[in-house]
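J.: Predicted model follows, preceded by the sequence.
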Amino acid sequence: MKTNLNYLIMYLLGLLLGMAFPDFDYYFLVDYIGHRSLFTHSILIVILFITLSKNKDDLKTANYLAGFSFGIVIHLISDLDFPSNL
C-alpha cells in the first residue's frame, strides 16, 4: 500500500510541476525568448524530458513523467482559451 502511495505522490508531483512548467519563461526568460515560446509551450519539451530521463524503467520515474506530460497537456489546452496579452 505504501508503494502505491509513493507512485501516486510522484504522479501528482509531476502533474503539478507540469502544469506550472510552461510559464517559467514568463518569470525568468521573457526578455530572451518571450512568453509562450516554442521551447516552453509545445509538446517538444515533454519529448526532451522523456528522452533525457535515465531511469525510464523505474516505476516512480515513469509515474512522474506521465504526470508531468499530462500537466503540460492540461496547461497547453487551457492556454487555448486564454490567449496571451504579451
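T.: Received it, and whenever you're ready, just let me know what you need.

J.: after the worst-scoring helix or strand of the chain on mean pLDDT, next one along is what?
T.: None of the helices or strands of the chain scores lower by mean pLDDT, DSSP states H and E than helix 24-28, at a mean of 66. Going down the chain from helix 24-28, the next helix or strand is helix 44-52, by DSSP states H and E.

J.: Run through the neighbouring helices and strands of that next one.
T.: Packing partners of helix 44-52 (3 or more C-beta pairs under 8 Å, 6 or more residues apart in numbering; DSSP states H and E): helix 59-81. Quick note: C-beta positions are derived from backbone N, CA and C, even for glycine.

J.: Contacts for the helix it packs on next, please.
T.: 6-8, 10-23, 36, 41-43, 45-46, 49-50, 53, 55-56 (C-beta atoms under 8 Å, 6 or more residues apart in numbering).

J.: Tell me, how many residues neighbour residue 79?
T.: For residue 79, the neighbour count with other C-beta atoms under 10 Å is 14.

J.: I'm done for today, thanks for sticking with me.
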